[in-house]
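Student: predicted model follows, preceded by the sequence.
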Amino acid sequence: MSSYVTGPSRSPGFKPATARRILPQLAERLQGVVLENLPWERLLKLYDSTDTFFFVDPPYICHNEYRHNLKRNDFAALASALSNIKGRFLLTHTDSPEIRAIFADFRFEQVELSYTANRLTRDQKRMVGKEVLISNY
């Protein structure tokens, strides 16, 4: 599967001419997947079942860089709601003591990631960050 990375001084890695080749693969891979753009409270109520898997990728805590930002109390409400779902979830976030405290009742796995979207040129090194995967399974 391809990835898509671009910056001000380079062209996108995705080429529209390759779309015809990869669309069948994408269609097969996403069979049965539902992508939504809803408030998380409504989404959990609408789709929760024993057969549901939620991938949760919220904005970083207390950052004001996004269209929809979350505060500490929003994360606490999210943790509480996730503790009551029937399905499974995987949440990803930057690792911090605050996030670990809010989601303390769940399973944690720390991972290192190479961020590619913030590189300006191919010569710049990728920034490596620590993220945490939080789950109820």
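Tutor: That came in fine, so what should we check first? In this text the structure is predicted, and so the values were computed from the model without any measurement.
Student: and residue 64, how far from residue 18?
Tutor: 37 Å (CB to CB, to the nearest Å). From N, CA and C alone the C-beta is placed, and that goes for glycine too.
Student: again with residue 32
Tutor: 24 Å.
Student: more neighbours, these two?
Tutor: Between residue 32 and residue 18, residue 18 has the larger neighbour count (other CB atoms under 10 Å), namely 11 against 4.
Student: quick one: that one is in a strand?
Tutor: No - counting by DSSP: H, G, I helix; E, B strand; the rest coil, residue 18 is located in no strand; its state is helix.
Student: and it, what pLDDT?
Tutor: pLDDT, the model's per-residue confidence, is 81 for residue 18.
Student: ok, residue 70 to residue 26 distance?
Tutor: On the measure of CB to CB, residue 70 and residue 26 end up 30 Å apart.
Student: which one of those two is surrounded by more residues?
Tutor: Comparing residue 70 with residue 26 by other CB under 10 Å, the one with more neighbours is residue 70, at 17 against 12.
Student: what about the strands in the protein?
Tutor: 53-56, 88-94, 107-115, 127-135 (DSSP state E).
Student: which parts of stretch 127-134 are buried?
Tutor: Neighbour counts using 16 or more other CB atoms under 10 Å place 131, 132, 134 of stretch 127-134 among the buried residues.
Student: and the contacts of it?
Tutor: For stretch 127-134, the external contacting residues (CB atoms under 8 Å, 6 or more residues apart in numbering) are 90-95, 99-100, 103, 106-115, 118-119.
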